[in-house]
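Colleague: Have a look; sequence and predicted model below, questions after that.
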Amino acid sequence: MEYSRSIQMYISQLVEETVREVLGNQSNSGETSGRQKLIVANWKMNMSLQTITSFVEKLTLAHVRSDVVICPSFPYLFPLSELIQKFNCDVELGAQDLHWNESGAYTGEVSAKMLLEADCHYVLIGHSERRDSGETDEMISKKVKQAISSGLKPILCVGESQGQRQIGKTAEVIRKQVLLALEGIEDISSLVIAYEPVWAIGTGLSATPEQAQSVHQLIRKTIDVQYGSISESIPLLYGGSVKPENASGLSAMTDIDGALVGGASLDAESFAAIIRGFERG
Ligand SMILES: O=C(CO)COP(=O)(O)O
């Protein structure tokens, strides 16, 4: 009797160890990172006062569980903040950009302090559409510094072009963008990074989960070399033609902690379906 119980214990220990080993080897899926999923809507230069109202109403009814952030154009920050309170909708606000100076003669710019007054907690920095209009790595770095020192969480966007990918420069480009943006910054505890391959933005051509995972792994490794184990707690989002159909596949990857969604975030139902996809993945 004693003998058979100890054999049973031995077998169950063996099974447990094997399962742990198999899960440990599945570096690309199924592992729980402990990082909460974060889904961010980048509305870009879209929406209207009318459409944001029904959006908030519908999203509230969808009862999603993840951390959700909406980044509207500047004029919609205040009305959106009011709508979020009115409907008791569990989302946070982000801006699409900020200036690195505190105040002054910078026509058309918005400061971190103004964003905080508008109830913003996050800010997108270095989106490829802004890099396209002349934003340099140096400007991006100053913006990241200003966001962190003001208490805003920067969502630093990085990504390679199609040409750079084709000639095998993806890793070099991404590493450089990350390191230049973080130059001279010591505290990165509030940082979020979004990997958005330029060729996937607005094209309907998403990176495969494996392609995205391999760049996310590279980003985490880059942060790890520079900052150590805090890299494990930095949320890494994927952006570029994220849709309800590809959300759970992307979410199943170990280093993909959420999404930065453009076009599909303009409709509350498709945005909610993406959030649910990430909750399943
Ligand atoms: O640029 C993006 C989010 O910042 C991605 O846009 P799409 O989801 O429309 O491809």
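Modeller: Structure's in. What do you need? Residues are numbered from 1 along each chain as shown.

Colleague: For Gly202, grab the count of nearby residues.
Modeller: By the criterion of other C-beta atoms under 10 Å, Gly202 has 12 neighbours. Every C-beta, even on glycine, is put in place using the N, C-alpha and C of the backbone.

Colleague: correction: Glu172
Modeller: Close neighbours of Glu172, defined as other C-beta under 10 Å, add up to 12.

Colleague: From the centroid of this structure, which residue is nearest?
Modeller: The C-alpha lying nearest the average C-alpha coordinate of the chain belongs to Leu237 (C-alpha atoms, centre = their mean; 3.0 Å).

Colleague: Roughly how far does the residue of the stretch 1-150 of the chain found nearest the ligand sit from Gln166?
Modeller: With distances taken as C-beta to the nearest ligand atom, the stretch 1-150 of the chain approaches the ligand most closely at Asn42, which sits 3.7 Å away. Between Asn42 and Gln166 the distance is 26 Å, computed by C-beta to C-beta, to the nearest Å.

Colleague: Now do the contacts for Ala62.
Modeller: Counting by C-beta atoms under 8 Å, 6 or more residues apart in numbering, Ala62 makes contact with Ala268, Glu269, Ala272, Ile275, Arg276.

Colleague: quick one, phi/psi of it?
Modeller: Listed backbone geometry of Ala62 is phi -70, psi -10, with angles given as degrees, to the nearest 10.

Colleague: just the strands in the stretch 51-200 of the chain please.
Modeller: Using DSSP state E, counting those that start in this stretch, the strands found in the stretch 51-200 of the chain span residues 67-71, 92-95, 120-125, 153-158, 192-195.

Colleague: So is the first one next to the ligand?
Modeller: The one in question is strand 67-71. No: under the criterion of C-beta under 6 Å from any ligand atom, strand 67-71 makes no contact with the ligand; the nearest approach is 8.2 Å.

Colleague: Who are the packing partners of that strand?
Modeller: strand 38-42, strand 92-95, strand 120-125 (3 or more C-beta pairs under 8 Å, 6 or more residues apart in numbering; DSSP states H and E).

Colleague: Direction included, what does it pair up with?
Modeller: Each strand pairing with strand 67-71, determined using DSSP bridges, is listed with its direction: strand 38-42 (parallel), strand 92-95 (parallel).

Colleague: and what of the third one?
Modeller: Sheet pairing for strand 120-125, assigned by DSSP bridges, gives strand 92-95 (parallel), strand 153-158 (parallel).

Colleague: looking at those, which is buried most?
Modeller: strand 153-158 (a mean of 26; mean count of other C-beta atoms under 10 Å).

Colleague: re earlier: using JSON lines, please lay out the helices and strands packed on strand 67-71 together with mean pLDDT.
Modeller: Compiled in JSON lines, the helices and strands packed on strand 67-71 are given as follows (pLDDT from 0 to 100):
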{"stretch": "strand 38-42", "mean pLDDT": "98"}
{"stretch": "strand 92-95", "mean pLDDT": "98"}
{"stretch": "strand 120-125", "mean pLDDT": "98"}
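
Colleague: if we can go back for a sec, report the beta-bridge partners for the residue of the stretch 1-150 of the chain closest to the ligand.
Modeller: Beta-bridge pairing of Asn42 under DSSP bridges involves Cys71.

Colleague: Repeat that for Tyr195.
Modeller: Using DSSP bridges, the bridge partners assigned to Tyr195 are Val158, Tyr238.

Colleague: what's near enough to touch it?
Modeller: Going by C-beta under 8 Å, 6+ apart, Tyr195 touches Val158, Gly159, Ile174, Ala212, Val215, His216, Ile219, Leu236, Leu237, Tyr238, Gly239.

Colleague: And those residues, which is closest to the ligand?
Modeller: Distance from the ligand was checked for each of these by C-beta to the nearest ligand atom. The minimum falls on Gly239, at 4.2 Å.

Colleague: Count the neighbours of that closest one for me.
Modeller: 27.

Colleague: near the ligand, which residues of the stretch 51-200 of the chain?
Modeller: Within reach of the ligand by C-beta under 6 Å from any ligand atom, the stretch 51-200 of the chain has these residues: His127, Glu196.

Colleague: hmm, back to that, most neighbours, which of the contacts of Tyr195?
Modeller: In terms of neighbours by other C-beta under 10 Å, those top out with Tyr238 at 33 neighbours.

Colleague: Having no further points to raise, I will conclude here.
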